[in-house]
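Q: could you work out the structure for the sequence below:
(4 chains)
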There are 2 protein chains.
Amino acid sequence: MALNRDALRTKMTNTVLLIEDEPDIRDMLNFALSRAGFQVWESDTAEDAMRKLDGLLPNLLIIDWMLPGMSGVELARRLRLDTHTASLPIIMLTARGEEADKLKSFDSGVDDYVVKPFSPRELIARVRALLRRVGTPEDGLLENSGIRMDLNAHQVTINGEPTKLGPTEFRLLELFMNHPERAFDRAQLLDRVWGRSVYVEERTVDVHVLRLRKALKPFGMSQHIETVRGVGYRFAPE
Amino acid sequence: MALNRDALRTKMTNTVLLIEDEPDIRDMLNFALSRAGFQVWESDTAEDAMRKLDGLLPNLLIIDWMLPGMSGVELARRLRLDTHTASLPIIMLTARGEEADKLKSFDSGVDDYVVKPFSPRELIARVRALLRRVGTPEDGLLENSGIRMDLNAHQVTINGEPTKLGPTEFRLLELFMNHPERAFDRAQLLDRVWGRSVYVEERTVDVHVLRLRKALKPFGMSQHIETVRGVGYRFAPE
DNA sequence: GGCCAATGTTACAGATATGTGACAACTATG
DNA sequence: CATAGTTGTCACATATCTGTAACATTGGCC
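A: A predicted model of the protein is given here:
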């Protein structure tokens, strides 16, 4: 848990795709969002937005209800149908305050709804609340050189194939993958994998490194655990 | 073995805990929520709510800003600090429309915010949107890998064949299927399946996992409940 | 090459964790 | 208040992990 908090804090900045045709509002929101630490992409039409969403996905969408061409609601509806974009958090922006609109909006799978005129600070608060709720997708995931550790599921997969690791080997690999390249001596490994209060022989580390290598061997990944002669061991990415 | 009555409260699909001191509003919301298919629990103070949350958790909280004694914001803040309740979705309800309040509210970890007077339909739409975002199924149907749970009917079918599960096994499977892949340790399972006010041995979890596996066995589904050695258990989809 | 220290490897016995069956107490319900 | 079902614990059986020591191999240095 404490780990997750840290992971969130150091997470790279969240990206927001802002889909709004009125330049004034777009600029104002871009300014406010940027100042709040978000990276902002802009689109002035639904069509342009869909093109942008073909590639790397943003963390959240802000969509204006009224857009030239395809409407915001229609865009939201379509995004929900596509598995690639289905789980993107969406906040809808609109000038109309009628309840029917809100309900239609929610029905199309929108996560939140803000009525113009609104305060940028409130919008940002809602953006933050939604991102907090969604969590960053790769949270709790360690990946490097085809080795993936899902810390929540407590599972390791190599090129998609699940692998079985003993508890100690799991923690050992976790440490290595958290600090790729870095070499640890045996004392450090004992400290960080076994814990401070336990006394075990330093050579025991060697045995567990061997066991970890054995587990990675069938996938041809054992060479990633390198020996640093006279020092200890390190994880070597591709 | 002093069992807390609260812990025995049966929980059906999509339970909402409504924390509101004004009887009129409470009744109105209870009516609207019930008609929308939610099971509603009520509290008229933050203190009572906290007591209720010691047992099995509802799916969502609706908290009034103004409460006698501990305020709604303070309650939200406290719930966020406790890992047991930290991830509960919260909607804050308030008569004040001032922006500062909203921001304070969001800062305390609230997911959404609705200003009185509001339309019950909008509130329900927001409840649904939030539950959808969190991953709670709206229709009370959980399905994965051929196992289907009807949370309303309290019934499990595997590939169409009905199965009988004890109450505890049912809640256990419900938790697992709500969080596929994720590994839970025994303390977490006790917390979330038994409720935190109950004290039972950790090994008791093992026995119920065994019983759950036995129930799934005739359908060849027992391998979906995986042991994570040194940690606990997890649900593994196909 | 020969030597030494560092590391790789194996085997194993003890320690831990988990699976399982039995049972008595408890609950709900009619 | 009797019955059928459920619950939590325990004791014992298995399965898996752990640390160590002994021996094998490697790498560097003279």
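
Q: below-threshold pLDDT in chain A: ranges please.
A: In the predicted model, chain A carries pLDDT under 70 at residues A:1-12, A:97, A:137-138.

Q: separation between the residue sitting furthest away from the middle of chain A and A:K214?
A: Relative to the C-alpha centroid of chain A, counting by CA atoms, centre = their mean, A:E201 is the outermost residue, at 38.7 Å. Using CB to CB, to the nearest Å, we find A:E201 at a distance of 20 Å from A:K214. For glycine as for every other residue, the C-beta is placed from the backbone atoms N, C-alpha and C.

Q: can you check A:R121 too?
A: Counting by CB to CB - A:R121 and A:K214 are separated by 56 Å.

Q: who has more neighbours out of the two?
A: With neighbours defined as other CB atoms under 10 Å in any protein chain shown, A:R121 and A:K214 compare such that A:R121 has more, 15 against 11.

Q: list the buried residues in the helix or strand encompassing the more buried one.
A: Using DSSP states H and E, A:R121 sits within helix A:120-134. Judged by neighbour count using 16 or more other CB atoms under 10 Å in any protein chain shown, the buried positions of helix A:120-134 are A:123-131, A:133-134.

Q: how about stretch A:163-174?
A: Buried-residue list, stretch A:163-174, by 16+ other CB under 10 Å: A:163, A:165, A:168-174.

Q: and for the closest residue to DNA strand C within chain A, the neighbour number?
A: Taking CB to the nearest atom of the strand, DNA strand C has its nearest neighbour within chain A at A:T227, 3.6 Å off. Using other CB under 10 Å, the number of residues around A:T227 comes to 13.

Q: who are the packing partners of the helix or strand containing it?
A: Taking DSSP H and E as the criterion, A:T227 maps to strand A:225-228. Where contact means 3 or more CB pairs under 8 Å, 6 or more residues apart in numbering or on different chains; DSSP states H and E, strand A:225-228 is packed against helix A:203-216, strand A:232-235.

Q: for A:K116, find the nearest of the ones you listed.
A: Evaluated with CB to CB, the helices and strands packed on strand A:225-228 place strand A:232-235 nearest to A:K116, the distance being 51.2 Å.

Q: that closest one close to DNA strand D?
A: No. Strand A:232-235 lies apart from DNA strand D when judged by CB under 7 Å from any atom of the strand; the minimum separation is 14.6 Å.

Q: picking that back up, narrow the buried residues of stretch A:163-174 to those in strands?
A: Using DSSP state E, the members of the buried residues of stretch A:163-174 that fall in strands are A:T163.

Q: from the buried residues of stretch A:163-174, which land in helices?
A: Taking DSSP state H, the ones among the buried residues of stretch A:163-174 that sit in helices are A:168-174.

Q: ok, what's across the strand from the residue of chain A closest to DNA strand C?
A: Beta-bridge partners for A:T227, by DSSP bridges, are A:Y233.

Q: shouldn't it be in contact with A:Y233?
A: Yes. In this structure A:T227 lies within contact range of A:Y233 using CB atoms under 8 Å: 6.0 Å.

Q: quick one: distance of stretch A:59-68 to the chain centre.
A: Taking the mean of its C-alpha atoms, stretch A:59-68 sits 22 Å from the chain's own mean (CA atoms, centre = their mean, to the nearest Å).

Q: buried stuff in that stretch?
A: Buried positions in stretch A:59-68, judged by neighbour count with 16+ other CB under 10 Å: A:59-65, A:67.

Q: mind putting those residues in JSON lines, secondary structure and distance to A:E22 included?
A: Conversion of these to JSON lines gives the following (DSSP: H, G, I helix; E, B strand; the rest coil; distance: CB to CB, whole Å):
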{"residue": "A:N59", "secondary structure": "coil", "distance to A:E22": "23"}
{"residue": "A:L60", "secondary structure": "strand", "distance to A:E22": "20"}
{"residue": "A:L61", "secondary structure": "strand", "distance to A:E22": "17"}
{"residue": "A:I62", "secondary structure": "strand", "distance to A:E22": "13"}
{"residue": "A:I63", "secondary structure": "strand", "distance to A:E22": "13"}
{"residue": "A:D64", "secondary structure": "strand", "distance to A:E22": "8"}
{"residue": "A:W65", "secondary structure": "coil", "distance to A:E22": "12"}
{"residue": "A:L67", "secondary structure": "coil", "distance to A:E22": "10"}
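
Q: nearest to B:L33 among the residues you listed?
A: Nearest to B:L33 among those is A:W65, at 27.2 Å by CB to CB.

Q: could you find the closest non-adjacent residue to that closest one?
A: Counting by CB to CB, 6 or more residues apart in numbering or on different chains, the nearest residue to A:W65 once its immediate chain neighbours are dropped is A:T94, at 3.5 Å.

Q: pop the domain breakdown of chain A in here.
A: Listed by automatic domain parsing, the domain ranges of chain A are A:12-134, A:141-235.

Q: from the contact counts, what lies against the host helix or strand of A:V156?
A: If you go by DSSP H and E, A:V156 is part of strand A:155-158. Where contact means 3+ CB pairs under 8 Å, 6+ apart, strand A:155-158 is packed against strand A:147-150, strand A:161-163.

Q: coming back round to it: which of the helices and strands packed on strand A:225-228 sits closest to A:D44?
A: Minimum separation from A:D44 across the helices and strands packed on strand A:225-228 (CB to CB) falls at strand A:232-235, 45.7 Å.

Q: that closest one near DNA strand C anywhere?
A: Yes. Using CB under 7 Å from any atom of the strand, strand A:232-235 reaches DNA strand C at A:G232.

Q: need the contact partners of that strand.
A: For strand A:232-235, the external contacting residues (CB atoms under 8 Å, 6 or more residues apart in numbering or on different chains) are A:144, A:176-177, A:179-186, A:188-189, A:205, A:209, A:224-228.
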